[in-house]
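Chemist: when you get a sec, could you give me coordinates for this:
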Amino acid sequence: MKIVVIGGTGLIGSKTVERLRKKGHDVLAASPNSGVNTVTGEGLAVALAGAQVVVDLANSPSFEEKIALEFFAASGRNLLAAEAAAGVRHHVALSVVGTDRLQDMGYFRGKLLQEKLIKESAIPYTIVHATQFFEFTAAIANTGAVGDTVHMSPAYFQPMAADDVADAMADVALAAPVNGTIEIAGPERVRMSDLIGHFLKATNDPRKVVSDPGALYYGQVAIDDQTLVPGENARIGAIHFDDWLSRYTPPA
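Modeler: Residues are numbered from 1 along each chain as shown. Here you go, the predicted model:
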């Protein structure tokens, strides 16, 4: 089966491509560097020719509202139109647990627009809502940095490893469309301030975490104990944070 992975060279995309190829499928890792640009439409018709499944992992280059909205609008419309022309039978998209609860942040308004376009299309689909990735822990910490401290919300979240995300995306790509949304999450529900504190200590970061109920997620939106956690029927990943952390290498 031919499967096109949009954003196939990124963190989740490269892992998803690897898994699908190991299962014997013809997988195209599509990205602007390979001549496939969903925003402009360049290369889409050629890339999608003969494809049965498209996995959309493309992401906005910025959290800034205007950029994100324009990206998801153009990318979504161009990709879905090209899929319809090519006869694609399953559109799989990666989104975020709590997207509908994070609408005070422009990026998530863009994600909700992306989901709306998918649902309004005639192409059978599955939307996968994932929780935050372990790989973004340092970036989340840096959004709360204030001098020698890091202000973090004590709200619960349930982050997961990129490898578990890729496993789920590969499985969904090979399954029948559900024409709805499924959720995936990590094995442990933990307070964000606690996990960030644990991460900083383990990586010898001297900054101290301040548990701050008023701290905004990514400096933009208020969260509570329900905002970032999945419902009861989420697919739960196998990799625990401490296991991932034991293999973590800080970027240069």
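
Chemist: could you find the closest non-adjacent residue to A45?
Modeler: Counting by CB to CB, 6 or more residues apart in numbering, A82 is the residue found nearest to A45 once chain neighbours are left out, at 5.9 Å. Where C-beta positions appear, they are placed from N, C-alpha and C, glycine not excepted.

Chemist: I'd say that neighbour and A51 touch.
Modeler: No - A82 is beyond contact range of A51, at 9.6 Å (criterion: CB atoms under 8 Å).

Chemist: and the gap between Q226 and E70?
Modeler: When distances are taken as CB to CB, to the nearest Å, Q226 and E70 turn out to be 30 Å apart.

Chemist: give me the more crowded residue out of these two.
Modeler: Legend: neighbour count by other CB atoms under 10 Å for Q226 and E70, higher for E70 (15 against 11).

Chemist: which secondary structure element contains the more buried one?
Modeler: helix 65-86 (DSSP states H and E).

Chemist: what residues does the nearest residue to G50 once chain neighbours are set aside make contact with?
Modeler: Distances taken as CB to CB, 6+ apart place K2 nearest to G50, at 5.1 Å, with adjacent residues excluded. Taking CB atoms under 8 Å, 6 or more residues apart in numbering, we find K2 in contact with 25-28, 50-53.

Chemist: can you pull the phi/psi pair for K2?
Modeler: Backbone torsions for K2, taken as degrees, to the nearest 10, come to phi -90, psi 130.

Chemist: and what of S246?
Modeler: With angles defined as degrees, to the nearest 10, S246 sits at phi -70, psi -20.

Chemist: start the count at 847, not 1, going forward
Modeler: Yes, from this point I'll number from 847; that puts the last item at S1092.

Chemist: and for it, the neighbour number?
Modeler: Using other CB under 10 Å, S1092 has 9 neighbouring residues.

Chemist: what comes up buried for stretch 1070-1088?
Modeler: 1073-1076, 1080-1081, 1083, 1085, 1087 (16 or more other CB atoms under 10 Å).

Chemist: which stretches of the stretch 897-1046 of the chain form strands?
Modeler: Using DSSP state E, counting those that start in this stretch, the strands of the stretch 897-1046 of the chain run over residues 899-902, 936-942, 971-976, 991-992, 995-998, 1002-1003, 1026-1031, 1036-1037.

Chemist: give me whichever of the ones you listed is most buried.
Modeler: Using mean count of other CB atoms under 10 Å, the stretch among these with the greatest mean number of neighbours is strand 899-902 (a mean of 27).

Chemist: parallel or antiparallel, which strands does it pair with?
Modeler: Sheet pairing for strand 899-902, assigned by DSSP bridges, gives strand 848-852 (parallel), strand 936-942 (parallel).

Chemist: possible to save these as JSON lines with mean pLDDT?
Modeler: Conversion of these to JSON lines gives the following (pLDDT from 0 to 100):
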{"stretch": "strand 848-852", "mean pLDDT": "98"}
{"stretch": "strand 936-942", "mean pLDDT": "98"}
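
Chemist: distance to P1096 added to the ones you listed, as TSV?
Modeler: Converted to TSV, the strands paired with strand 899-902 look like this (distance: least, CB to CB, whole Å):
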stretch	distance to P1096
strand 848-852	28
strand 936-942	25
